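In: got a predicted model here, sequence first, then my questions.
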Amino acid sequence: MILLVKTGGPEAMPEWQSLLAEFAPHLDVRHWDDPVPPEDVRYAFVWQPEPGRLAQLPNLRLISSSAAGVDHITSDPTYPKHLPLVRMLTDDQAQRMGEYVCLGALSLLRDMKRIVTSQAAGKWDGFVTERSALHTRAGVMGMGNLGTRAAQMLSRLGFQTAGWSTSRKSVDGVESFAGPEEMAGFLARTDILVCLLPDTPATRGLICAETIALLPKGAGIVNAGRGPQILIPDLIAGLDSGHLCGAMLDVFDTEPLPAESPIWTHPKIIVTPHIASFGAKRERARHLANVIAAFEAGETPPGLYDPVRGY
């Protein structure tokens with residue numbers, strides 16, 4: 001029973017094969033580009049598969065994303081929509097996302113961009129920021145597995161934390177806002193906005209001039225959700241006008257981020273290369289094995305993608 005793997009490149013295959021031999025020894029684990037009979041492939045574990053390739057596997061039974069998002073798969077109009085598609089959801093992944101969000105929030109709070117820029121210039125630039133986390137309101141958009149962990153960690157750091165989602169959530173230490181009718185109130189009370197929403201038609205372009213204007217003057221933005229959710233010209237306009245203090249961005253419309261993008265050199269933007277929550281291979285291999293075991297037992301695999309909700 002062949003599992004095709006496309007994540008991390010050929011150099012990652014020995015580790016994937018070793019880990020999956022431990023967690024799912026019945027699988028024949030092959031690299032995406034190995035010469036295998038297409039009809040023998042039952043499972044695919046992928047990141048950004050080239051369009052049309054999944055549709056060429058006639059006996060494929062299940063597709064697993066190697067990350068939390070699946071838009072890198074569903075953007076292929078030919079991908080087999082009748083098959084179960086699962087997202088990568090591990091505790092390690094949630095922890096890493098929480099760490100990234102806290103790093104982003106603290107970097108904006110303490111103006112880390114200024115500190116790093118001064119170091120690069122050999123400049124001793126002593127300064128004091130206006131407030132601590134105790135006097136800063138953080139808001140997380142998207143309260144799924146990753147957003148909930150991030151909000152909890154922000155709260156424990158002392159941030160006055162709230163979450164916004166399509167439905168009401170109950171998380172200790174986190175105020176809940178829900179639905180379109182409560183978004184304006186959520187944004188108005190948010191000094192650091194964290195975007196962890198999935199990529200859906202409703203979320204694309206959500207962070208734009210209109211929503212940025214609802215944030216308090218001096219607010220900052222952390223985006224580790226999906227690139228299309230932020231209209232970059234509107235973000236840059238908000239930064240240049242002084243309405244926003246800064247941004248930390250991990251995801252972009254085009255990845256890798258093109259060398260000519262103005263985002264690279266903007267004095268108020270910190271760029272990270274889509275690294276927020278990629279978990280350890282061991283934990284992802286364990287999760288994949290659990291997904292396949294549940295599927296083979298006739299159970300609903302964890303992290304099953306719902307095309308109606310878009311995540």
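Out: Alright, I've got the coordinates.
In: residues touching Ala276, list them.
Out: With contact set as CB atoms under 8 Å, 6 or more residues apart in numbering, Ala276 has these partners: Arg96, Met97, Tyr100, Val101, Ala224, Asp250, Val251. To be clear about C-beta, it is placed using only N, CA and C from the backbone, and glycine gets the same treatment.
In: which one of the residues you listed sits closest to Met153?
Out: Using CB to CB, Val101 comes nearest to Met153 of the contacts of Ala276, at 7.0 Å.
In: hang on, that closest one in a helix?
Out: Yes - according to DSSP: H, G, I helix; E, B strand; the rest coil, Val101 belongs to a helix.
In: for the nearest residue to Pro77 once chain neighbours are set aside, which three-state class applies?
Out: The shortest distance from Pro77 to any residue other than its chain neighbours is 7.5 Å, reached at Pro51 (CB to CB, 6 or more residues apart in numbering). Here Pro51 is recorded as coil under three-state DSSP.
In: rewinding a little: export the contacts of Ala276 as JSON lines, with columns for secondary structure and pLDDT.
Out: Shown next, in JSON lines, are the contacts of Ala276 (DSSP: H, G, I helix; E, B strand; the rest coil; pLDDT from 0 to 100):
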{"residue": "Arg96", "secondary structure": "helix", "pLDDT": "96"}
{"residue": "Met97", "secondary structure": "helix", "pLDDT": "97"}
{"residue": "Tyr100", "secondary structure": "helix", "pLDDT": "98"}
{"residue": "Val101", "secondary structure": "helix", "pLDDT": "98"}
{"residue": "Ala224", "secondary structure": "coil", "pLDDT": "98"}
{"residue": "Asp250", "secondary structure": "coil", "pLDDT": "98"}
{"residue": "Val251", "secondary structure": "coil", "pLDDT": "97"}
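In: I'd like these written out as CSV, with neighbour count added.
Out: Putting these into CSV (neighbours: other CB atoms under 10 Å) gives the following:
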residue, neighbour count
Arg96, 20
Met97, 25
Tyr100, 22
Val101, 29
Ala224, 25
Asp250, 24
Val251, 21
